[in-house]
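A.B. asks: Provided below for reference: sequence and predicted model.
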Amino acid sequence: MLTHLGREGLGPHGGGEMRLRDGRASRRRSADSTARRRVWDAGHDDGWPERRYGVTQTHDGAVRPAPGASAGVPVEEPAQPDRIRRPSDAFRFAASVVGLAAVMLLVSIAQQTTHGLQTDIAQGTAHAPRPLLTLATLVSSFGVLAVPIAFGIERLFHKDGTRVAIALLAAMIAFGVTVGLDDLVVRAAPGGVLDSLIWGGTETAPVHTDIAPVIAFVSAVGMAGRARWQAATWTMIGLAALTGLTASYASVAALAATYLLGRAIGHGTLYAVGTPNPRPSGRTVVAALERLGLRPERAARLDGSGEGTDQTRRYGVVLADRPRGGTGARLPARRGPHGEWDVEVRVLDRDQQTAGLLYRVWRLLRLRGDTTGRTLRSLRRSLELESLTAYALDAAGARTPRLAGTCEVGTEAALLAYEHVPGRRLGDVPDDEVTDALLTDVWRQFRALQAGRIAHRRLEGGAVLVGDDGRAYLTDLRSGETAAGDLALRLDLAQLLTTLALRAGPERAVRTAASVLGEEALGGAVPLLQRVALSRATRTALRHHKDLLTRIREQIVRLKPETEAAPANLERFRPRTIVSIVALSIAAYIVIPQVTSLDIGRLAATASWHWVAAALGAAALTYVAAAFMLMGFVPERLPLWRTVLVQLAASFVKLVAPAAVGGVAVNTRYLQRTGVRPALAVASVGASQLVGMVIHILLLVLFGFLTGSTAKATQDLAPSRTIMFAVLGLGLLAGLALTVPRVRRVVASRLRAMFSGVVPRLVDVLQSPRKLATGMGGTLLLTLAFTLCLDASVRAFGGSLPWTTVVLVFLTANAVGSAAPTPGGLGAVEGALTLALTISGLTAETATSAVLLYRLLTLWLPVLPGWGAFAFLQRKEAL
């Protein structure tokens, strides 16, 4: 910290002194000074009278105000925790564990390569001078412990005993783990991965017992910013590793495992226990303003700015005088009651730079190109980028609080001092004060932002400040980017449109934007108006306004009808893709061993082909049944054979979408193309799906009772008592879930949405007995056709089951397949059918063969005809 001492020498405690004259910095050190002093270069002459500052910096990197200086400035803030858990420690622990697993995997699959590497190293070290190796052994044996102990003692003298105690705990844990691995695990499990790891059987150690605790100690005690201690410590560790390698005590892989294990234990202990809080206090932060030529009088901690999970510290500061800032312009005099400040200080803490890293990495991997900003920034980089963005906004003519200066606060934080603008965040402004004039002013500032090629990337309600003078200011520049590309600028437009629409409605947001930006500019935002392109806080707000983005698009298209409304492809993949890959992997793990155990040639030779033909006919009948089912719940007249072609095309779409989704999308699109309005098309398909679900459940319960009372051979599948217990259990769970208010609200909203569109459509159908008979008959015929196909597939391989059992097996597997997120229910349907048929009394070979034939006829064989039908219907503009 720099502390103002006046013109007469040093402070009473003899701290260091720095004299600022004509923009140059000079310093004198007292002979007995033991603390480090830092030189500050003022950079330019701003007309200030000559001042001198006491400078004191502790060995932990935190800057403290010299006695008699700004230490007396009162700062109101809540007490900071003594220990914190830094996300960076968790990430380093996870990275070390992953690296350790990679080493184990490498030595298990590349044994010859690793053994050859070990042999080359042994031959190379055999030619090294023996005296040199002996000297390295002696030095490392003493230094590998002496240097960390000396550093620990040095930290104790500087009152950092807590950190030393945590490091000693990590070292003890590492020692216990390494001893256990060396003495217990290797003896109990010779060979395998450990034998490959040590390349010499159980005669050598899988981890280096001497240096693993030292690495854990060094990782936990923290040597950042102490280059000499780091160099000495890691030199000793390197010499110890070299001597262990030459003496065949440990291999290269063992040393790599030792390093990663020590780092994992050190950072894991540090995260579990918590590291001593390195963040500078509010008084230290305020005292740092002296370095910018500002004399604080009092300060207080402000509430977190912005929205979401921002944990940035902010302080409001009242200055003793209003000196000129770095640009030579005086800060405005704003004196008033407590809460009106001259300067607002934003603090960047080093440990917060990794906050939310997993979410940012996920966004980086999921989204394309410039959709996301920089994932990880250092403290220095964050300070520079925010400063650059603030200066660029000012140069572009956008209204923003003026940046008075920046500086570091020790090694663990930095600050940005902004001119304070009294006002409220847009999210806190009452609705009646969000006028068209205010919205227009916001768009004017945004236009200046875009003209300067500056991307804000966080234009949420907390990033727009409405001053007491009624004007809009752009703030929260931490994610800003200069010289931004077109995509980043258009994403900012989509974000601000959504933010203002949430406050003032889509019509006003679009109208005021068009008056400032023009209709052409708004048209470029339409393809980017999608949830994935918006910030996390905005996506959360949209949960309560599900149709807001659609309404914004409609408003823009109304102004500019020729606007391209198709959404841009911003995603590399969707979360559903990962779920599908995992599900398909599980399915392959289950199905492939069953298929490989079958003799396909023998099965083809022994299959009853007349039953195969019957199964094929039943599979074809399902498409006619599905067409009747759809036609029955649409009051409008639909052509039969074109509707059948649509159902065949839906079988092709099943391969790229879950079973419960693909058919719905195709049928809805088909109804829209036939002239049914979009809302009614969705309601018609929803009505058919709802009736189908109700009938499916009723049939499942009915045939569960029938199955339990027909034959002893099928009693193990689903006896009526089991069905009763299952139904009662599901009812109990549903009742308990509905006692949770949030679940109750979600269920109510879903049911409200369903009944608001589906029930009126059902009422229309009920007024036509012919339509009702067609829909209900198609639903029952669909179940019958699938059941006949499954029964014929079983009989084709010599199996036989009661018809009630076959119906129950199909209904159960179909429910599982509809709930599965995989295309066509792949994996889930096969597993459920095979398990149910086996329980019903079929042999595993017969059940597997029957399931494969059934899925071949109902899923795989229709793919090619379905693709042809899909292409034909698209050419005819029926899809």
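C.D. replies: Arrived safely, thanks for sending. Numbering: from 1, shown residues only.
A.B. asks: helices of the stretch 701-850 of the chain, start to end?
C.D. replies: Assignment of helices within the stretch 701-850 of the chain using DSSP state H, counting those that start in this stretch yields the ranges 720-738, 741-766, 769-795, 803-819, 828-839, 844-855.
A.B. asks: swap in the stretch 151-300 of the chain?
C.D. replies: Counting by DSSP H, counting those that start in this stretch, the helices of the stretch 151-300 of the chain are 161-180, 186-188, 192-198, 212-221, 227-246, 252-273, 282-287.
A.B. asks: ok, which of the ones you listed comes nearest G470?
C.D. replies: For those, the distance to G470 is smallest for helix 282-287, at 30.6 Å, taking CB to CB. All C-beta spots, glycine's among them, are computed from the backbone N, C-alpha and C.
A.B. asks: which strands and helices sit next to that closest one?
C.D. replies: Helices and strands touching helix 282-287, by 3 or more CB pairs under 8 Å, 6 or more residues apart in numbering; DSSP states H and E, are strand 75-76, strand 296-302, strand 313-319, strand 343-349.
A.B. asks: deepest in the core, which of the helices of the stretch 151-300 of the chain is it.
C.D. replies: Greatest average neighbour count among the helices of the stretch 151-300 of the chain goes to helix 212-221 (a mean of 28), per mean count of other CB atoms under 10 Å.
A.B. asks: and the gap between the residue nearest to G825 when sequence neighbours are not counted and L826?
C.D. replies: Setting aside the residues directly before and after it, G825 is nearest to G817 in space (CB to CB, 6 or more residues apart in numbering), at 2.7 Å. From G817 across to L826, the span is 8 Å (CB to CB, to the nearest Å).
A.B. asks: point out where the stretch 751-879 of the chain drops to low pLDDT.
C.D. replies: The model of the stretch 751-879 of the chain has pLDDT under 70 over residues 751-765, 818-824.
A.B. asks: same thing but 90
C.D. replies: Applying pLDDT under 90 to the stretch 751-879 of the chain flags residues 751-779, 783, 797-879.
A.B. asks: same check on the stretch 551-700 of the chain?
C.D. replies: Counting by pLDDT under 90, the ranges of the stretch 551-700 of the chain that qualify are 557-610, 626, 629-642, 646-700.
A.B. asks: before we move on, back to that, to L133, which of the helices of the stretch 151-300 of the chain lies closest?
C.D. replies: helix 227-246 (6.0 Å).
A.B. asks: against which helices or strands is the closest one packed?
C.D. replies: Using 3+ CB pairs under 8 Å, 6+ apart, the elements in contact with helix 227-246 are helix 111-126, helix 130-157, helix 212-221, helix 252-273.
A.B. asks: adding mean pLDDT and distance to E386, write the ones you listed out as a markdown table.
C.D. replies: Below are these laid out as a markdown table (pLDDT from 0 to 100; distance: least, CB to CB, whole Å):
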| stretch | mean pLDDT | distance to E386 |
| --- | --- | --- |
| helix 111-126 | 66 | 47 |
| helix 130-157 | 82 | 33 |
| helix 212-221 | 91 | 30 |
| helix 252-273 | 90 | 28 |
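A.B. asks: out of these, nearest to P78?
C.D. replies: When the helices and strands packed on helix 227-246 are compared for distance to P78 using CB to CB, the nearest one is helix 252-273, at 22.7 Å.
A.B. asks: in this structure, which residue is closest to the centre?
C.D. replies: If you average the C-alpha coordinates of the chain and look for the closest C-alpha using CA atoms, centre = their mean, you land on Y359, 2.8 Å from that point.
A.B. asks: excluding chain neighbours, what is closest to that residue?
C.D. replies: The shortest distance from Y359 to any non-neighbouring residue, by CB to CB, 6+ apart, is to R536 (7.4 Å).
A.B. asks: circling back: pick the most deeply packed of the helices and strands packed on helix 282-287.
C.D. replies: For the helices and strands packed on helix 282-287, average neighbour numbers computed from mean count of other CB under 10 Å are highest in strand 343-349, which has a mean of 23.
A.B. asks: so what are the sheet partners of that one and their directions?
C.D. replies: Strand 343-349 pairs in its sheet with strand 313-319 (antiparallel), strand 413-419 (antiparallel), by DSSP bridges.
A.B. asks: need the ones you listed in TSV with mean pLDDT and distance to L772, can you?
C.D. replies: Conversion of these to TSV gives the following (pLDDT from 0 to 100; distance: least, CB to CB, whole Å):
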stretch	mean pLDDT	distance to L772
strand 313-319	92	65
strand 413-419	94	69
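A.B. asks: please convert the ones you listed to CSV, extending it with distance to M223.
C.D. replies: Supplementary listing: those in CSV, determined by distance: least, CB to CB, whole Å:
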stretch, distance to M223
strand 313-319, 26
strand 413-419, 19
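A.B. asks: select, out of the ones you listed, the one closest to T498.
C.D. replies: In terms of CB to CB, the element of the strands paired with strand 343-349 nearest to T498 is strand 313-319, at 25.5 Å.
A.B. asks: for P561, helix, strand, or coil?
C.D. replies: Secondary structure state of P561, per DSSP: H, G, I helix; E, B strand; the rest coil, is coil.
A.B. asks: quick check on it: phi, psi?
C.D. replies: Recorded main-chain torsions at P561 are phi -60, psi -30, according to degrees, to the nearest 10.
A.B. asks: now do the contacts for it.
C.D. replies: Contacts here follow CB atoms under 8 Å, 6 or more residues apart in numbering; on that basis P561 touches nothing.
A.B. asks: against F633, how distant is it?
C.D. replies: Separation of P561 from F633 (CB to CB) stands at 33 Å.
A.B. asks: with T389 instead?
C.D. replies: Remark: distance between T389 and F633 (CB to CB) = 56 Å.
A.B. asks: hmm, back to that, could you say which helix or strand contains the residue nearest to the centre of the chain?
C.D. replies: Here Y359 is covered by helix 357-366, with elements defined by DSSP states H and E.
A.B. asks: if we can go back for a sec, comparing T389 and F633, which shows the higher neighbour count?
C.D. replies: When T389 and F633 are compared on other CB atoms under 10 Å, the one with more neighbours turns out to be F633, at 28 against 24.
A.B. asks: hmm, back to that, the residue nearest to G825: neighbouring residues, count only.
C.D. replies: If you count neighbours by other CB under 10 Å, G817 ends up with 23.
A.B. asks: that one touches A828, doesn't it?
C.D. replies: Yes - judged on CB atoms under 8 Å, G817 makes contact with A828 at a distance of 5.4 Å.
A.B. asks: re the thing from before, and the helices and strands packed on helix 227-246 as JSON lines, adding distance to W234?
C.D. replies: What follows is these, written out as JSON lines (distance: least, CB to CB, whole Å):
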{"stretch": "helix 111-126", "distance to W234": "20"}
{"stretch": "helix 130-157", "distance to W234": "9"}
{"stretch": "helix 212-221", "distance to W234": "8"}
{"stretch": "helix 252-273", "distance to W234": "10"}
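A.B. asks: do you know which of the ones you listed lies nearest V624?
C.D. replies: The closest of the helices and strands packed on helix 227-246 to V624 is helix 111-126. By CB to CB, the value is 60.7 Å.
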